[in-house]
Structure formats: C-alpha cells, structure tokens
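In: next input, structure requested:
(chains A and B)
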Amino acid sequence: MSVIATTPKFKENAHAALTDARLQGALSFSRNFTDRRAAAADRLPEFEALRDSARAIKDHTLAHLDLYLAAHEEKVKESGGFVHYAQDADEARRIIVNLCKSFGAKSATKAKSMIAEEIGLNDALEAAGIEPVETDLGEYIIQLRHEAPSHIIAPAIHLTKKDVEEAFRKAHRGLPANRDLSEPEALLAEARAILRAKFLAADVGITGANFLIAETGASVIVTNEGNGDLTQILPKAHIVIASIEKIVPTLEDAAQLLRVLARSATGQDASVYTTFSTGPRRPEDPDGPSAYHVVILDNGRSSMLGGEFEDMLRCIRCGACMNHCPIYQAVGGHAYGWVYPGPMGAVLTPSLIGVAEGGQLPNASTLCGRCEEVCPVRIPLPKMMRHWREREFERRLSPAPLRYGLRFWAFFARRPALYRLATNIAARALNLLGRGKGRLSWAPLAGGWTDYRDLAAPQGATFQSQWRAKSGATK
Amino acid sequence: MNAREAVFANIRRSLGVTGEEAPRRFEVEARLAKAPVGVAPKRGQGDLDGRLQTFKAEAERAQATVEAVASLDEVPEAVARFLRDNNCPATLRMGADARLAAMPWGSTALEIVHGPSDGHDLNAIVIAFAGIAETGTLALVSGPDNPTTLNFLPDNEIVVLKKDEIVADYEAVFAKLRGTYGKGGVPRTLNFVTGPSRSADIEQTLLLGAHGPRRLHIMIVG
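Out: Take a look at the predicted model:
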C-alpha cells in the first residue's frame, strides 16, 4: 500500500480529534459549505434534473467503460499525446517517476490531485531526487506541514490562519522575521510570490483530472486559483494522473457534470477556471507543454464494477457528502486515517485498502442519510455503508462486544413474547434510573455514549405496548 | 499481459463482456458521434439582448467587471482609461490576433509588447472565442492569436468579447468549436474563465488573485 493508513485506529483518532480545541475551532468554518450549496441549488431550477442526468451519464459510461477508455486513448494519440495504464499505486509511481527522469526534471509542480495522494506520489518523487511542489494554496500549506489533506477539496480546512502563519515562518526563511502575517491577505500574497518562482522553474507539471473526455481525448481540470493552469502550461511536459472512472463520453456530458460539481462542492455556479487540455502544444502555439502524458490508474476500481459497490464509481469528488456529515463535522478528515474522508471515504476506503484495514469507517456513520440527499450523482452511501457493516460482521472483524450484543438482541428478537417482556422490564428500569427526567448521564455498558452526552431514557410504556393499547382503543 | 491488457481484461471480466459485442460498440459510437445535449438550463437562453443582460449580471456576480465599448476601434482608449483609473502602469501584452493589431494603439501612450507572457507582465489583453450567458463565463482558446499564458500570469486581464459572440451555454460553445476546428479537432487548450482567480483555503476567507489575475475586466464590443 502506498500511504500508511491509520484507518484501523479510527476510534483513537476520533477521540483525539474531539478533544482537540484548535481543530474544533477550525472545523466550525466548514459550516459555510452547506449554506452555499443550498443557495446555489435553489438558484438553478434544473438542478434536480441535472443530478439525474449526471447519474445517468456516469452509469452509462461505467457500463461501457472499456470502450470509452479505448476511444479516449485513440484521441490522445491522434493529438500527439501518450496514454499509460497502471494496475496499482506502485506501477503508477514508477511510470511518473520515469517520465519525470526522462524530461530531466529537478522539480515538478503539482495541481491538487487525490489520485496523487492515493498513490503517495510526493514521497516517490522526493526519493528520486525530484522536488514536488504543491501549488494549490491549501495543499501547499499541508505539504509544508508534512500532513495529508483533511478534505478532498479544502485540504487545509482543519487549520487556522495562525497555523498557516507558523508554517510559513518556518518554511520561508530569508524573508524579514518582523513581517506581518496576521491576516489571510498577507499569507496569500506571500504564497503567491514564492510559488510564482516555482511555477516558472518547474520542468514538469502534474495535474489530476476531473474528467477525461473520450470524444476529444481532453483532460478537464477545475480550479479557482489558476494553479492547475500554471502547472500545465509553463513546464515542458504535462503529466495527467487519473483513475479509470474519470472518463465521460463527450464534451456535452462533461457540461452536465460540471453544472452539478461546482454547485455541490463550493456553492459556486461555476468554478473560476475549467480547462480542457488536448495533447501537447500545436506547432504554431507560442506556449503550452511540448509533451502530454496521461497515466490511468485502476488500483482496485475495475473489481468494483458490476458489484454492490459499483455505484461508488459515479463519485465526482465534490466533497458535499463530508460537508453535510455530522461525523465529519465533529472529527474532521484526518481521523479517517487514509486519503478519502467522510461518507465517500467510508465506502471507498474498504474497497481500495480492504475491509480488514478500512472496516471501521462504515461504522462512523449515524446513517442519517444527508450524504445521499446532497450527492450530485445520487450515490446510495448509507446503503453501501450497511453493506460494509454486513461484510465486516460476516468476516468476524467487528469487535466482540458488538458481536455478542447483536447475538444477545437476536435471541430476544426471535422470541416476540420474551422480547415484549424484556423490553417492558428494561423500559421501566431505565425510567427509574432516569428518575423520570427522561435522560441519563450514566448507564451500565454505555460509557462510550454518556461520556459525551446524555442517553435518552424511556418515559412510560414501550412502543409495542402503546401501539397495542392504541389499536385496541380505536377498534 | 501488460498493464493495459490487464486493466481492460479486469474491466471486461467485471462487466461480463468481451468488448466485441456489436450493440455495445454501436451505442458508444453513436453517442460519440451525436454528442447529445442533456438538460440545458433556461437561465442563459434568450435573444441576443437577453443573453447580454444575463452574461453581464452573472460575470459581475463572479467579481468580474464589465464595460460596454461601442466598437473595436475604441478599445485602446478604453484600455488606457481602465489602467489609469485602477492605478496600473501603462503597459500591455497581447498576442498576434489580427483584430488586436488593427486597433489604433498609437493614439494611446500604452507601451505594447507581443507574444506569450514570461510571468512578469502586469497587464494583458486577449480576445474571447465566446461568452457564455448562463454563468457569465468567457471561453478562451490557445494559439498564437491569444496565448494561454496571458490568461494566467498577468495581474490584470482585459478580455474583449464581441457582443454577437455571447451564446447561451457551454453546449453552444462546443458547437461553435466543432464548426471552427472540425469535429474532434480542438485547440490544445480551451479555458472557461468565470471571474478573477481566488482562494478560500485559509479559514474559508474568500480572497481574489490567488495565482492568476487579481482583476478580470471584460469589454463587450458592439
């Protein structure tokens, strides 16, 4: 595996995150996302129809993925570019490092790419003596801090401006120590100046792709900063790293997806820069890269096709599911322990690194369903998290108290009379324990819950006995 | 088996196909040939004046500034005024577009340089391929006429957009591209630009001028 995952330690990670005051302060900013998405969706009457259209395009493409990949490859070759395939992270790293070496690269600028995170590309470049330079502001900040992104579109959302100032003072030596870096404007200006020089010096530019277009062979990237464009037009070579499910058939199909992507991600009607890049510069072009390579990564995705997790391959990485997730809002992205956090990460991570490693994440959900409500391509995330929970249970990977507890409950659930008797007794006991207040600050075996909040206690008879009394009364 | 063959074989195994099925191939070829238009938002539709109004409102929503200029001949004077009003130096970089070359730059005191940017220019001017009313977006294409570096390296970007090239939506730009370059023959880079560069990566505070232009000024001509 490429990136060391702390996913198996999700519980410890989450506990630490909940008691980290600085992180909790930073996470409060993520609230903006939900309001802005709602406003952008309300402003476009066709938004729900576009979500259906986006889902249909993705389903159609996945059902014909081999043919669209082949069509894309043909077009890239026609335009003078090259396509490489990688079965796993190791193969992808090797291809990219070798390409960089072939261009004699000393440094490579990078536009934010989750696939590059997934394969651990920066470490591989460094090991080969090539300096990787992240150029998205958030990604640059976390690179200086040697951290992983905590959000797929806002990688530094777990940090405050104070954290950023500290990182800049430590990294940007040679600048006056008494300079004022207290406000975001000053931090941005400093990053812009430093990165401008790096852009102009880079030998290779590496970007991800939001979409690959089969019709024209173009790769599409979406940014607000313009860093993805400077990354690809200034160096002599542009390398695109993308996974197999990024393919869409036509430019028109990409337009449908772009309309739901920006609104779901940041609440913008359109991102500032949407760029379609096809092959290397033409003979008459005065700028642009002289070489164009696309590296297409599988890394376990082809095995998800045709199975119960296929729907996950519709994901366009907007981040709406994590923005609306009560668990993500409480613990942030790092607790998830690998590359993809939030509900999409909880479904994708076990698929990519295995249920033994990633099996805890599908349990990090209240199954409230908000993620599915806002997903632009309508991925049934809660249902898929339940699938993973079932698999974890079947493979005896879930913790013993849960397994015994479930068996204990199942014993009663299969015997209705006994179940009614037991729940009646339990309801009465909990009511007594709560002294009629309707809540408990402590209960046996429930410390994990009551350490952080009260447990609601029943007040009166069970649902079943109330129901029986009610239907008896109306008959 | 090489990586390409392995990836394709695994996809086909999971989908339960061989890749040779005629109906599948036919469906894919038809979609690629016809490029069907999906859901088109009403917002950008309308006659030219309606599209102009929508374009202007949406571009300004994205923090671009918009100015009406009567004719191409009046662009140099308007550029000089814009730079003066914003306390920008009187320098300007541009590409080889014949429409730019034909403008009366001599009547201004602007210092003009030509060709792609080396990263040290403050001001640049380009001519747009089209404007998109739906989201106030500019469509810009690469080439010697309007080099792509001009869209990203200078601090202030001025874009000339001919009024009759304001179209309803993205799909209309793709149709125009196919008309101009032939189907499948696209320029190296097509940029959709909606407002000036920005970032909200620090505490979700929106700041303009992240790596690209701090100002985007659109001159609608005609």
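
In: name the element residue 51 belongs to?
Out: All of this is about chain A. Here A:Arg51, judged by DSSP states H and E, is contained in helix A:47-63.

In: my bad, chain B
Out: Under DSSP H and E, the secondary-structure element containing B:Arg51 is helix B:48-61.

In: who are the packing partners of that helix?
Out: The contact analysis (3 or more C-beta pairs under 8 Å, 6 or more residues apart in numbering or on different chains; DSSP states H and E) places helix B:48-61 against strand B:65-69, strand B:166-167, strand B:215-221. C-betas here are computed from N, CA, C, even on glycine.

In: so where's chain B uncertain?
Out: Within chain B, the stretches falling below the threshold (pLDDT under 70) are B:183-184.

In: ok, the most centrally placed residue in it - contacts?
Out: Computing the C-alpha centroid of chain B and ranking residues by C-alpha atoms, centre = their mean puts B:Ala139 first, at 2.5 Å. Residues in contact with B:Ala139 (C-beta atoms under 8 Å, 6 or more residues apart in numbering or on different chains) are B:Ala128, B:Phe129, B:Ala130, B:Gly131, B:Ile132, B:Val173, B:Leu190, B:Asn191, B:Phe192.

In: so it lies in a strand, does it not?
Out: Yes - secondary structure of B:Ala139, determined by DSSP: H, G, I helix; E, B strand; the rest coil: located in a strand.

In: distance between the ends of stretch B:32-39?
Out: With C-alpha to C-alpha, to the nearest Å as the measure, stretch B:32-39 spans 18 Å from end to end.

In: tell me which residues in the helix or strand following the helix holding A:Arg51 are buried?
Out: Toward the C-terminal end, the helix or strand that comes next after helix A:47-63 (DSSP H and E) is helix A:65-78. Within helix A:65-78, the residues that count as buried by 16 or more other C-beta atoms under 10 Å in any protein chain shown are A:Leu65, A:Asp66, A:Leu67, A:Tyr68, A:Leu69, A:Ala71, A:His72, A:Glu73, A:Lys75, A:Val76.

In: one more: stretch A:92-111?
Out: Residues of stretch A:92-111 classed as buried by neighbour count (16+ other C-beta under 10 Å): A:92-93, A:95-97, A:99-100, A:103, A:105, A:107-111.

In: same deal with stretch A:164-175?
Out: Neighbour-count burial for stretch A:164-175 flags A:Val164, A:Glu165, A:Ala167, A:Phe168 (criterion: 16+ other C-beta under 10 Å).

In: could I have the CA atoms of it written out in CSV?
Out: Written as CSV, here are the backbone C-alpha positions of stretch A:164-175 (Å, rounded to 0.1, in the frame of the first residue of the first chain):
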residue,chain,number,x,y,z
VAL,A,164,-0.6,28.8,8.4
GLU,A,165,1.5,31.7,9.7
GLU,A,166,3.6,29.3,11.8
ALA,A,167,4.2,27.0,8.8
PHE,A,168,5.2,30.0,6.5
ARG,A,169,7.6,31.5,9.1
LYS,A,170,9.2,28.1,9.4
ALA,A,171,9.5,27.4,5.7
HIS,A,172,10.1,30.8,4.1
ARG,A,173,13.5,31.6,5.5
GLY,A,174,15.2,34.7,4.2
LEU,A,175,12.1,36.9,4.5
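
In: do it and chain B meet at all?
Out: Yes - in this structure, stretch A:164-175 sits against chain B according to C-beta under 8 Å from any C-beta of the partner chain; the contacting residues are A:Val164.

In: ok, now stretch A:368-383?
Out: No - no part of stretch A:368-383 sits near chain B under the criterion C-beta under 8 Å from any C-beta; the closest distance found is 12.8 Å.

In: check the secondary structure at the single nearest residue of chain B relative to chain A for me.
Out: Proximity of chain B to chain A (C-beta to the nearest C-beta) peaks at B:Gly212, 2.8 Å away. For B:Gly212, the assignment made with three-state DSSP gives coil.

In: burial check on it, number of neighbours?
Out: Counted with other C-beta atoms under 10 Å in any protein chain shown, the neighbours of B:Gly212 add up to 27.

In: same question, A:Glu284
Out: Using other C-beta under 10 Å as the criterion, the residues surrounding A:Glu284 number 9.

In: the one 10 residues further on too?
Out: Each residue near A:Val294 was counted by other C-beta under 10 Å, and the total is 24.

In: pull up the gap between it and chain B, please.
Out: Separation of A:Val294 from chain B (C-beta to the nearest C-beta, to the nearest Å): 12 Å.

In: repeat for A:Asp59
Out: Where chain B is concerned, A:Asp59 sits at a distance of 12 Å (C-beta to the nearest C-beta).

In: what distance do you get for the residue nearest to B:Arg43 when sequence neighbours are not counted to B:Val126?
Out: Of all residues beyond its chain neighbours, the one nearest B:Arg43 is B:Glu134 (5.4 Å), with distances taken as C-beta to C-beta, 6 or more residues apart in numbering or on different chains. Counting by C-beta to C-beta, to the nearest Å, the gap from B:Glu134 to B:Val126 is 21 Å.

In: returning to that earlier point: pull the most distant pair out of the buried residues of stretch A:164-175.
Out: Greatest spatial distance in those: A:Glu165 and A:Ala167, 7.4 Å, computed using C-beta to C-beta.

In: going by distance to A:Glu252, which of the buried residues of helix A:65-78 wins?
Out: Of all the buried residues of helix A:65-78, A:Glu252 sits closest to A:Tyr68, with 14.1 Å by C-beta to C-beta.

In: what's the closest residue in space to that closest one that isn't next to it in sequence sitting at in phi/psi?
Out: Excluding the flanking residues, the one nearest A:Tyr68 by C-beta to C-beta, 6+ apart is A:Ala214, at 4.3 Å. Comment: the main-chain dihedrals of A:Ala214 come out as phi -70, psi -40, following degrees, to the nearest 10.

In: give the contact list for A:Ala214.
Out: Under the criterion of C-beta under 8 Å, 6+ apart, the contact list for A:Ala214 reads A:Tyr68, A:Leu69, A:Ala71, A:His72, A:Lys75, A:Ile247, A:Val248, A:Pro249, A:Thr250, B:Leu32.

In: export those to CSV and tack on distance to A:Pro8?
Out: Shown next, in CSV, are those (distance: C-beta to C-beta, whole Å):
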residue, distance to A:Pro8
A:Tyr68, 36
A:Leu69, 34
A:Ala71, 40
A:His72, 37
A:Lys75, 42
A:Ile247, 33
A:Val248, 35
A:Pro249, 39
A:Thr250, 42
B:Leu32, 44
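
In: list the contacts of the helix or strand in which B:Ala172 is found.
Out: When secondary structure is defined by DSSP H and E, B:Ala172 falls within helix B:170-181. Outside helix B:170-181, the residues within contact range by C-beta under 8 Å, 6+ apart are A:251-252, A:255, A:258, B:35, B:37, B:40, B:129-130, B:132, B:134, B:137, B:139, B:141, B:167, B:186-187, B:190, B:192.

In: any chance of the helices and strands packed on helix B:48-61 in a markdown table, plus mean neighbour count?
Out: Supplementary listing: those in a markdown table, determined by neighbours: other C-beta atoms under 10 Å in any protein chain shown:
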| stretch | mean neighbour count |
| --- | --- |
| strand B:65-69 | 16 |
| strand B:166-167 | 24 |
| strand B:215-221 | 22 |
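
In: hang on, the earlier thing: what about the contacts of B:Ala139, which are in helices?
Out: Secondary structure assignment (DSSP state H) places B:Val173 from the contacts of B:Ala139 within helices.
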